[in-house]
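**Q** Below is the sequence, then the predicted model.
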Amino acid sequence: MTRAVRFYQYGGPEVLKIDDIDVPAPGPDEVLIRVKAIGLNRAESMFRSGQYLEQAEFPSRLGYEAAGIVESVGTHAGQFAVGEHVSLIPPSSIARWGTYAELAVVPAAMLVRHPASLSFVQAAAVWMQYVTAWGALVHVAKLQAGEFVLITAASSSVGLAAIQIANQLGAIPIAVSRTRAKGQALLDAGAAHVLASEQEDFLRQVERITDGKGARVIFDPVGGPFLETLVDAAGESAIVLIYGALSSAPTPFPLFKVLGKSLALRGYLLHEISSRPDLLDAAKAYVIAGLEAGTLKPLIARTFDFEQIVDAHRYLESGEQLGKVVVSLESGS
């Protein structure tokens, strides 16, 4: 038996329960890991509340990320050995391989032997943010040195990863937050500029920073009405990448502005990288090299105990954090 987080109906954080469940044996291409830390993502809170791409089958597991120790391996997963320290790139299903548990079966293809210098808490905070940002900025947008990239929800883990990757490439990251409260923290995290979208003349500031040219790349997980403003902030032939739907309001399609600027308005998900072995290998190599060099470093906002999963989800949804929310299963954490 193992303890696992499940929910029996859609709702707020309070629907999450810790149950005792049977531990399944790993399939041929799977690995059973003893989970030491779980990285939380807004995708999981959206899934829990019924606002995600995947629908739950109750009682439902959940969880995309984890770091831990290999307990057993499937017959075709011999590339991993019992006792190895590994972390998980988010697989294709948030529920099938739910990581909110003491023991979890996960697909071997999504496991990584992370650098030994990382703690389990740090390793659990790596893959969603860096593979998402790498795929968008490096693979899709082909961000170059000297170009401006506008990063909304910049205090999220993916936003901070995008700032770090932009700096690696020599680009100029403009971090966008709703208020000025996190301004200095975002500058300390590597942003070249910070804009408070609700407290200043956003478009005027973008025009000032970019010398009237606008941003060549825009990276947004929010959608909603602000998308039209982001299109206004885009330069000619820019690319606007939308990788989430955090706004509950309808998202307009500003057709004439898109036409007038010859913009590329593109939906993007991490799974278009993780579903292709060649791209996934390239992303893993890039991220591991950055972690080892210290140019990529996950920022942990706060760590919770496993029994505090409801509080962890409440904090995740509060918008107060700067960086990753992690649940630790190590004693004394």
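**A** Great, that's in hand.

**Q** Contacts only, for S237.
**A** Applying CB atoms under 8 Å, 6 or more residues apart in numbering, one finds that S237 lies in contact with 216, 261-264. From N, CA and C alone the C-beta is placed, and that goes for glycine too.

**Q** Drop anything exposed from those.
**A** 216, 261, 263 (16 or more other CB atoms under 10 Å).

**Q** Pick out whichever of the residues you listed sits closest to A123.
**A** R216 (32.8 Å; CB to CB).

**Q** Tabulate the buried ones among the contacts of S237 (JSON lines), appending pLDDT and secondary structure.
**A** JSON lines is the format used below for these (pLDDT from 0 to 100; DSSP: H, G, I helix; E, B strand; the rest coil):
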{"residue": "R216", "pLDDT": "98", "secondary structure": "strand"}
{"residue": "K261", "pLDDT": "96", "secondary structure": "helix"}
{"residue": "L263", "pLDDT": "96", "secondary structure": "coil"}
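
**Q** top helix in the chain by residue count?
**A** With secondary structure taken from DSSP state H, the chain has its longest helix at helix 277-293.

**Q** From the contact counts, what lies against the next helix or strand after it?
**A** Next along the chain after helix 277-293, taking DSSP states H and E as the criterion, comes strand 300-305. Judged by 3 or more CB pairs under 8 Å, 6 or more residues apart in numbering; DSSP states H and E, strand 300-305 is in contact with helix 120-123, helix 309-318, strand 324-328.

**Q** Please list the outside residues in contact with the shortest one.
**A** The contact list for helix 120-123 (CB under 8 Å, 6+ apart) reads 36-37, 67-68, 85, 87, 114, 298, 300, 303, 326, 328, 330, 333.

**Q** from those residues, which single one is nearest Y10?
**A** Looking across the contacts of helix 120-123 and measuring by CB to CB, the closest to Y10 is V326, at 24.3 Å.

**Q** Just the local confidence number for the closest one, please.
**A** The model reports V326 with a pLDDT of 98.

**Q** Help me confirm that it comes into contact with P298.
**A** No: in this structure, V326 is not within contact of P298 by CB atoms under 8 Å, at 9.0 Å.

**Q** overlap in contacts of these two?
**A** A125.

**Q** hmm, back to that, separate out the buried members of the contacts of helix 120-123.
**A** Buried among those (16+ other CB under 10 Å): 36-37, 67-68, 85, 87, 114, 298, 300, 303, 326, 328, 333.

**Q** In JSON lines, list those residues along with distance to V131.
**A** Output for the buried ones among the contacts of helix 120-123, formatted as JSON lines (distance: CB to CB, whole Å):
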{"residue": "K36", "distance to V131": "20"}
{"residue": "A37", "distance to V131": "18"}
{"residue": "A67", "distance to V131": "15"}
{"residue": "G68", "distance to V131": "19"}
{"residue": "H85", "distance to V131": "19"}
{"residue": "S87", "distance to V131": "12"}
{"residue": "H114", "distance to V131": "13"}
{"residue": "P298", "distance to V131": "12"}
{"residue": "I300", "distance to V131": "18"}
{"residue": "T303", "distance to V131": "22"}
{"residue": "V326", "distance to V131": "17"}
{"residue": "S328", "distance to V131": "22"}
{"residue": "S333", "distance to V131": "25"}
